[in-house]
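Here you go, sequence then predicted model.
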Amino acid sequence: MKFFSKLWPKRWFGASLSFTDSEQLEQYRRIFRGANDYGYFDWYLSEDKIAWSGGYWRMLGYSDNDVEHISGSKNYFSYVHPEDYDIFMTGVRKVLRDGEPIDISYRVRKKDGDWVWTEIHADGTRDEKGWVYYVSGIALDITRRKQAEQALAFIEARHARIIKASNDGFWEWTAEQGGFSFSSRCWELLGYDELDDTVNQGVDRLQAWRNLMHPEDGKLFDAALDRHIRDKEPFDVEYRIKRRDGGWSWIRGRGYMEFDSQGLPARMSGTNMSITQLKEAEERVLLAKEQAESANQAKSEFLSSMSHELRTPLNAILGFSHLLESDSSLNGKQRNSVAEIVKAGRYLLTLIGDVLDLAKIEAGRMEMSLEPVDPGLLLKECLSYVQSSADALFLEVSMSLADSEVLRVKADKTRLKQVFLNLMSNAVKYNKPYGRIMVSSTVDREGILRINIEDTGLGVPESKQGELFQPFCRLGAEQSEVEGSGVGLVITRELVEQMGGQIGFQRRHDGGSCFWLELPIIEAQKLAASDTVPGKTTELIDCGPKKVLYVEDNEANQRLICQLFEHYKGIDIEIASDAFKGVFAARVSQPDLIILDINLPGMNGFEALDVLRGDHLTSSTPIIALSANAMTHDKEKGLDAGFHAYLTKPLDVTQLIDVLNNIWRCPAEYSSAKRSLEAAAVQALALEET
């Protein structure tokens with residue numbers, strides 16, 4: 001106070017302050033002039049004139065002359081927004097007629113034509129007769145406040161629309177109130193009214209809600225809430241709650257707890273979302289998934305059974321045909337007949353493999369083992385398989401593999417070989433006599449090897465090209481003598497795409513077809529000198545006399561194996577028609593090798609294998625599985641069980657001889673040969689399925 005007394009006279013403070021009338025008037029004028037945002041008015045009703053003070057009108061852009069004009073009350077009315085005129089006049093009537101103070105808001109026009117929100121606070125002064133002769137008050141510019149209120153109202157309206165559209169219920173807990181508040185929508189989700197007696201059952205709302213929860217899920221709710229408060233984990237829990245009709249609804253509750261400065265819970269807000277329909281849909285999906293898996297399992301079992309049932313007679317057909325082919329006593333006509341039998345049998349075997357492959361692709365169970373593969377080597381190997389067929393049609397085959405001979409691609413070796421064989425076989429089958437086949441490879445773009453397999457056949461009509469990769473569609477070739485199942489290209493495309501590549505077709509300008517495929521390059525290197533095309537032999541090494549026990553219940557297959565080993569000197573074959581007899585014969589005769597069927601009466605091949613491995617007399621005897629169960633998982637199961645090799649029917653004599661040659665090597669080489677044998681057997685089975 002002493003500080004201020006040095007700056008201003010003492011008469012300005014406390015009881016000593018006193019002014020003359022002129023001094024007080026001048027003080028008021030100074031105050032009014034300094035009030036830039038306020039307008040002070042005194043409305044003389046008898047003179048119909050409004051006296052204005054303060055900076056209100058200057059702020060609206062008006063001059064003193066303008067204010068003189070505005071001072072006429074009738075003139076002032078014209079500055080009020082037309083939409084707010086009734087509000088203004090209602091306030092005036094209240095003060096004049098009812099004697100109530102004016103407290104209203106309305107818009108007033110600025111000099112530039114814009115509008116500002118003005119708030120009026122005023123009251124009337126009456127004479128002894130009760131007539132109002134002065135209305136005095138203050139005008140405030142509240143435009144910013146109105147804008148803030150409008151923005152807030154807009155946000156609240158938007159939130160209200162979002163809440164209404166979300167169909168969720170909202171709840172909140174506060175430490176100050178010590179209880180929960182639920183929006184009516186929370187109860188409506190359960191079929192209740194907010195004022196329903198069942199809800200208001202003498203307990204707080206949280207307890208009422210908690211009492212309706214499923215006993216099992218209530219514990220989950222409590223645990224989730226505890227973790228959220230204690231460990232700050234997100235509160236997001238799904239639970240069942242009883243509806244008014246007695247059924248159960250699924251609710252997803254989510255919320256967030258706020259803590260005070262001392263770390264104590266202060267407020268928690270959250271939502272309740274009805275997810276009953278979603279849960280019901282999930283149950284339907286799970287049921288459909290189970291049904292699909294069951295159907296898929298049934299399909300797999302059917303295909304496995306079909307494969308077994310078809311391969312068993314094919315084993316006899318192709319096996320005896322192989323023996324007849326090597327019979328020099330047959331005349332030309334008989335040899336032709338045998339060739340037709342072999343041709344039909346092999347076609348049927350290919351068809352079985354194609355159907356099984358297609359089924360595995362559709363089921364998503366086509367297994368891939370991606371590794372660096374030499375594509376040039378595979379192409380040359382595949383050419384050796386189709387060369388005889390090409391020679392029969394006098395086809396000229398050319399290869400330009402300069403790029404592929406120094407590159408490696410990322411692929412499954414067995415499946416890529418299947419792709420090449422299918423495309424090259426088609427190039428032979430659908431070619432013209434004396435035509436050409438051109439196989440070439442180029443680095444099409446960085447990191448991609450493109451392989452083209454072209455032929456000079458009739459090609460694919462433009463109208464049929466859209467059906468190229470459709471299953472069981474042969475594009476009109478079903479009317480020709482060319483055999484095929486119509487699924488080879490479908491399988492080929494799926495295999496290429498699963499190896500990360502692409503495949504396509506284009507018609508050659510001079511007729512014929514060009515099938516191309518692109519594969520990712522992963523390694524560039526020169527081939528080792530030892531990388532040569534492997535050859536197979538049907539010559540059995542001379543290891544001295546050997547005794548073989550064959551356990552098989554099918555008589556035709558028994559005769560086939562007996563006649564097969566007649567061609568190899570020193571092999572003594574013994575037959576057992578079931579597993580029990582086979583186990584007994586193995587203990588008695590101590591064979592050098594056991595060939596065991598899987599589907600045997602009484603005791604199956606796996607059970608017989610366990611018995612033989614558990615007997616010290618036969619525990620080290622090599623045992624080969626020979627079965628018509630030719631699915632990949634059958635093969636894996638057989639090798640995992642302990643078979644030295646797993647061969648499938650129809651029997652490939654070359655594979656059998658290769659297996660025997662590996663098994664009957666000298667003991668020092670046996671362990672290494674067994675590992676090589678297993679790897680070769682896996683590849684052999686996959687190739688056979690093609």
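It's in.

can you give me how far stretch 238-247 is from the chain middle?
32 Å (C-alpha atoms, centre = their mean, to the nearest Å).

Just the buried residues of that stretch, please?
Residues 238-242 are the ones in stretch 238-247 that count as buried (16 or more other C-beta atoms under 10 Å). No exception for glycine: its C-beta is placed from N, CA and C like everyone else's.

what's the answer for stretch 369-387, then?
370, 373-383, 386.

Could you do stretch 218-228 as well?
218, 221, 224-225, 228.

between the buried residues of stretch 369-387, which is closest to Ala402?
Gly376 (8.8 Å; C-beta to C-beta).

per-residue confidence for that closest one?
We have a pLDDT of 87 for Gly376.

What of Met306?
We have a pLDDT of 68 for Met306.

cool, Tyr79 as well?
pLDDT for Tyr79: 92.

quick one, phi/psi of it?
Tyr79 adopts backbone torsions of phi -90, psi 0, taken as degrees, to the nearest 10.

burial of it, as a residue count?
17 (other C-beta atoms under 10 Å).

Also Asp658?
Neighbours around Asp658, by other C-beta under 10 Å: 21.

Now do the same for Lys637: helix, strand or coil?
Classification of Lys637 using DSSP: H, G, I helix; E, B strand; the rest coil returns helix.

That one and Ala625: what is the separation?
Note on Lys637: its distance to Ala625, by C-beta to C-beta, to the nearest Å, is 10 Å.

what separates stretch 544-552 from the chain centre, distance-wise?
Remark: stretch 544-552 is offset 53 Å from the chain centroid, using C-alpha atoms, centre = their mean.

So which bits of it are buried?
Buried residues in stretch 544-552, defined by neighbour count with 16+ other C-beta under 10 Å: 546, 548-552.

In strands only, show me the residues you listed.
546, 548-551 (DSSP state E).

Report the two of these separated the most.
Lys546 and Val551 (16.6 Å).

Just the CA atoms of stretch 587-606, as PDB, please.
Taking C-alpha atoms only, stretch 587-606 is exported to PDB below (Å, rounded to 0.1, in the frame of the first residue of the first chain):
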ATOM      1  CA  ARG A 587      12.600-116.500 -37.000                       C
ATOM      2  CA  VAL A 588      13.000-119.900 -38.500                       C
ATOM      3  CA  SER A 589      14.700-119.200 -41.900                       C
ATOM      4  CA  GLN A 590      16.700-116.100 -40.900                       C
ATOM      5  CA  PRO A 591      16.400-114.400 -44.400                       C
ATOM      6  CA  ASP A 592      18.900-111.800 -45.700                       C
ATOM      7  CA  LEU A 593      16.000-109.500 -46.600                       C
ATOM      8  CA  ILE A 594      12.200-109.200 -45.800                       C
ATOM      9  CA  ILE A 595       9.800-107.500 -48.200                       C
ATOM     10  CA  LEU A 596       6.600-106.700 -46.200                       C
ATOM     11  CA  ASP A 597       3.200-105.500 -47.400                       C
ATOM     12  CA  ILE A 598       1.400-103.100 -45.100                       C
ATOM     13  CA  ASN A 599      -2.300-104.000 -45.500                       C
ATOM     14  CA  LEU A 600      -2.200-107.600 -44.200                       C
ATOM     15  CA  PRO A 601      -5.000-109.600 -42.500                       C
ATOM     16  CA  GLY A 602      -4.800-110.000 -38.800                       C
ATOM     17  CA  MET A 603      -1.600-108.100 -38.100                       C
ATOM     18  CA  ASN A 604      -0.600-105.200 -40.400                       C
ATOM     19  CA  GLY A 605       2.800-104.400 -41.700                       C
ATOM     20  CA  PHE A 606       3.700-101.800 -39.000                       C
END
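
can you give me how far it is from the chain middle?
Using C-alpha atoms, centre = their mean, the offset of stretch 587-606 from its chain centre is 47 Å.

can you give me the strands in the stretch 101-250 of the chain?
According to DSSP state E, counting those that start in this stretch, the stretch 101-250 of the chain carries its strands in the segments 102-109, 115-126, 132-141, 169-174, 179-182, 235-242, 248-259.

Check the stretch 251-400 of the chain too.
Counting by DSSP E, counting those that start in this stretch, the strands of the stretch 251-400 of the chain are 265-274, 371-373, 396-400.

got a list of contacts for the second one?
Counting by C-beta atoms under 8 Å, 6 or more residues apart in numbering, strand 371-373 makes contact with 408-413, 416, 522-523, all of which sit outside it.

Please repeat the previous calculation with a cut-off of 7 Å.
408-411, 413, 416, 522-523 (C-beta atoms under 7 Å, 6 or more residues apart in numbering).

now for those residues, which pair is the farthest apart?
Pairwise over the contacts of strand 371-373, using C-beta to C-beta, the maximum falls at Leu416 and Glu523, 14.7 Å.

Inside helices: which ones of the contacts of strand 371-373?
Judged by DSSP state H, helices contain the following of these: 413, 416.
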